[in-house]
Every structure is written in structure tokens, then in C-alpha cells.
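S.K.: My questions concern the predicted model and sequence given below.
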Amino acid sequence: MPAEHYRGIDPFTGEQLELWVDGGRIWTEPVPGAQTVSDGGWIVPGLVDAHNHVGIAPGLGVTVEQARGFAAQDARAGALLIREVGSPVDTHPLDDDAHGPRFLRAGKHIARPKRYLRDYGVELDDPDLLADEVRRQAAAGDGWVKVVGDWIDREVGDLAPLWTRAQLDAAATAAHESGARITAHVFGHDALPDLIEAGFDSIEHGAGLTPELIDQLVARDIALVPTLIQVENFPGIADGADRFPAYQRNMRALYARSREVFAAAREAGVAIYAGTDAGGFVEHGRIVDEVEALTGLGFSPIEALAASSCRPREWLGADGIVHGARADFLVLDDDPAQSVAALRRPRHIVCGGARLAELS
């Protein structure tokens, strides 16, 4: 593939960017013989979907080839780095796609029998074995582990924690000793205090946060991935649970106050990142919907862009637009600092050094 040359504006600084792409990498010094592909517009790092499941679809049974298709769908929407927080299928074969999105994985979900979606993850009969399973999933992932923090308890008839504080303490220690970070699915409130006190590194969903817990996230530098377009499904999830009226009321209440909760988290300074939760109720390729939803919490367009590109890249240890980095970026005709809708009309999506339109 011949070397290419791009020139455009960095929307975060307003300064002109000039870069060259060769061998799938970004170079900030001229590459002899490079063809100028784009001169003008705005250049932004590839978007990050910080909560995604390319290995999940309704009905289970996803094959690697189906996962490859889901990944391509996300990439065509601009999500060039995916944090896959739990999958029943090993998607590591997708790493061989030179022009597919980059992945950071959490192995399989860790849950308990009848306390999560059946067959989606590892179900531990003995909850005291949580730390041992965390070590196994840390070895199977790419630096992350995912624990199901709360789910409906049929005896209680509502959301309830799956683990004791001691079990969560041991899990967090096991993850960190394994060189991994640990996150938790949690819809409601009751599981959150122990997860935060145990030293988990991020919270997924988190609609049950309170002002006191938000302050603890800030103090402990715990990230939040609110999955806003998934939270929009809470009323529908409640509608399908007629056997559990308390759960229905809780889910509807969580939804009703979710925007207020997440806006307060933003105002307090919680590190918030864009994640779609694609793979179940949410279709793939919706990263821009999630970015737009962030603006509904009070994020300015440039803040929402940062929360879906450069900031999660820093958090995840992935380079942005720097010399020698993998060439993952978007070229836009319109200024995303004025409106994130500019992300829906990219001039070019460069993924692993190739323009995706030319690969389709």
C-alpha cells in the first residue's frame, strides 16, 4: 500500500495537523513519494467504544466470523478501538485483521448461577472462588476483567449484589496482582458501595449512583462508562419482567433519574467515557449515538469528542495521533467542536492505515 499524506485541523487545539501514513503507522515527518489524499477538514483520533461486545448477539451462538462482521460495522461508524467487556466467544482471532478495530478485552463475564444472562459468562457455584476466576480471566483478556456486580435475585424480586465485600476485595487484589484492571456491571445502587470500596477501576452503567458515591469515584479516580443508549432500554426491560414488580419499579426509577445522576457525575469531575453496550439490546455501529447522548448531559461537543477519542485512549494506554502510532483516525468535512453530528459524515475513516471505503 503506497504511503499517504493528510493535512487538516486538530479540533482540540485549532492547529494544523500534517501526517503521513505508511506501513499502517502514523508519521509526523514527510515520507518520500507519499500521495496527498486529503488537504483540509478536521482530523480526529479514531473513536473508542469503551463498552462493547462483538462476541454477543441476541440468542447467543456468535461465531468468530459474525463477530468480525460486528467489528466491521463498528469500525465503519468510526469506532477504531473497542474495549470488549465480556464475551462468551474468544474474539482474539480478530486481532489478525490488519484493518479492523483494535481490541482490549476482559475475558468472560464472571457471575453466579441464575444471576446473569444464561451462558454468557462463567457461573461460579462457590462465590469464594471469585478471586481465582479473576486470575483466569485476566490471563484470557487484554488487561481487563469484568464482574457482574448486580442482577435480579429471584428470591428478593429485585436487583441485588452478587458478592460480599470480602469477595470483592479479593477479586480486586487478584486482578491488580495479575496486571489487569477490573470493572463491574452494575445497574442499581446496592452493589456500588462495596465495589467502590474494594478498589474496582471502573463502573459500567452506574445509574444507581448517589452524590456521596459520585464523590468517592472522583476521590478514587474510578471511571464511569454510563452506556447512555443502553440505559434508554431500562423501561423496556422493566416491561418484560411482570413477575417481579419491585424490580420493575426499580428499573423505571433508575431510568427516570439517570440523566440527572450522570450529569451530576460529569459536574463533579468523574472520568466518563463513551460506550454503547452493543451486542445485546443495542445494535453495533452506534458509537456516534452515544457521543451525541453525552451532549445531553451537558458535555460540549468538544468535551463529548474528547470523552470518545483522546481521553479513553489515554485511559486505556492506546496512542492517539502521534508519531509511530497505529494509523487510526477520522477526517471530517465539518468541525466537530461545533457539532458532533460531523462524526456522521466522515470524509475518510483510516483504520490500521487503510481507508475503509477502499476496502469495502
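M.R.: Arrived safely.

S.K.: was I right about residue 286 contacting residue 77?
M.R.: Yes. Counting by C-beta atoms under 8 Å, residue 77 is a contact partner of residue 286 at 6.9 Å. C-betas here are computed from N, CA, C, even on glycine.

S.K.: what residues are up against residue 153?
M.R.: Shown in contact with residue 153 (C-beta atoms under 8 Å, 6 or more residues apart in numbering): 115, 159-160.

S.K.: redo that, cut-off 10 Å
M.R.: With contact set as C-beta atoms under 10 Å, 6 or more residues apart in numbering, residue 153 has these partners: 112, 114-115, 159-162, 244, 247.

S.K.: hmm, which of the residues you listed are the buried ones?
M.R.: 112, 115, 159-162, 244, 247 (16 or more other C-beta atoms under 10 Å).

S.K.: Give the residues shared as contacts by residue 286 and residue 77.
M.R.: When contacts are counted by C-beta under 10 Å, 6+ apart, residue 286 and residue 77 have 49, 276, 278 as shared neighbours.

S.K.: Run through the residues that contact the second one.
M.R.: What it means is residue 276. 49-53, 74, 77, 79, 82, 225, 227-230, 282-291, 293.

S.K.: domain parsing for the protein?
M.R.: The chain is divided into the following domains under the TED database: 4-44+319-356, 47-316.

S.K.: Could you tell me the end-to-end distance of the longest one?
M.R.: Across its full length, domain 47-316 reaches 13 Å end to end, with C-alpha to C-alpha, to the nearest Å as the criterion.

S.K.: quick one: average confidence on that domain?
M.R.: Summarised as a single mean, pLDDT over domain 47-316 is 97.

S.K.: give me the number of residues near residue 190?
M.R.: Per other C-beta atoms under 10 Å, the neighbour tally for residue 190 reads 16.

S.K.: what's the closest non-adjacent residue to it?
M.R.: Excluding the flanking residues, the one nearest residue 190 by C-beta to C-beta, 6 or more residues apart in numbering is residue 161, at 5.7 Å.

S.K.: Same question for residue 199.
M.R.: That would be residue 172: by C-beta to C-beta, 6+ apart, it lies 4.5 Å from residue 199.

S.K.: from memory that neighbour sits against residue 138, does it?
M.R.: No. Under the criterion of C-beta atoms under 10 Å, residue 172 makes no contact with residue 138, lying 11.5 Å away.

S.K.: Centroid-nearest residue for the protein?
M.R.: What sits nearest the mean C-alpha location of the chain, by C-alpha atoms, centre = their mean, is residue 50, with 1.4 Å.

S.K.: Confirm that it sits in a strand.
M.R.: Yes. Judged by DSSP: H, G, I helix; E, B strand; the rest coil, residue 50 forms part of a strand.

S.K.: who touches it in this structure?
M.R.: 79, 81-83, 85, 104, 183, 202, 204, 223, 225, 227, 272-277, 287, 290, 307-308, 311-313, 315-316.

S.K.: at 8 Å instead, please
M.R.: Residue 50 sits next to 83, 225, 273-275, 312, 316 when contact means C-beta under 8 Å, 6+ apart.

S.K.: distance between the ends of stretch 265-278?
M.R.: Using C-alpha to C-alpha, the end-to-end distance of stretch 265-278 comes to 23 Å.

S.K.: Tell me the buried residues in that stretch?
M.R.: Within stretch 265-278, the residues that count as buried by 16+ other C-beta under 10 Å are 265-266, 270-278.

S.K.: Equivalent analysis for stretch 293-305, please.
M.R.: Neighbour counts over stretch 293-305 (16+ other C-beta under 10 Å) mark 293-295, 297, 299, 301, 303-305 as buried.

S.K.: try stretch 13-20
M.R.: 17, 19-20.

S.K.: Kindly report the same for stretch 233-250.
M.R.: If you call a residue buried by 16+ other C-beta under 10 Å, then stretch 233-250 has these buried ones: 233-234, 237-238, 244, 247-248, 250.

S.K.: Likewise for stretch 67-85?
M.R.: Buried residues in stretch 67-85, defined by neighbour count with 16+ other C-beta under 10 Å: 67-68, 70-85.

S.K.: In helices, which of the residues you listed fall?
M.R.: Mapping the buried residues of stretch 67-85 onto helices (DSSP state H) picks out 67-68, 70-76.

S.K.: now the strands for the stretch 51-200 of the chain?
M.R.: Assigned by DSSP state E, counting those that start in this stretch, the stretch 51-200 of the chain shows strands spanning 79-84, 102-105, 110-111, 122-123, 144-148, 150-153, 158-161, 181-186.

S.K.: Okay, the closest residue to residue 225 other than its chain neighbours and residue 235: tell me how far apart.
M.R.: Closest residue to residue 225 apart from its sequence neighbours, by C-beta to C-beta, 6+ apart: residue 275 at 4.1 Å. For residue 275, the distance to residue 235 equals 20 Å [C-beta to C-beta, to the nearest Å].

S.K.: swap in residue 7?
M.R.: Distance from residue 7 to residue 235, by C-beta to C-beta: 47 Å.

S.K.: Kindly indicate whether residue 294 is helix, strand or coil.
M.R.: Assignment for residue 294 (three-state DSSP): helix.

S.K.: Quick check: pLDDT value at residue 358.
M.R.: pLDDT, read off for residue 358, is 62.

S.K.: Need the CA coordinates for the longest strand anywhere in the chain. CSV is fine.
M.R.: The longest strand of the chain (DSSP state E) is strand 35-45. This file holds the C-alpha atoms of strand 35-45, laid out as CSV (Å, rounded to 0.1, in the frame of the first residue of the first chain):
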residue,chain,number,x,y,z
GLN,A,35,0.4,10.8,-2.2
THR,A,36,-1.7,13.6,-0.7
VAL,A,37,-5.1,12.1,0.0
SER,A,38,-6.8,14.9,2.0
ASP,A,39,-5.9,18.5,2.3
GLY,A,40,-8.3,20.4,4.6
GLY,A,41,-11.0,19.4,7.0
TRP,A,42,-10.6,18.2,10.6
ILE,A,43,-8.6,15.2,11.8
VAL,A,44,-9.5,13.4,15.0
PRO,A,45,-8.3,10.2,16.6
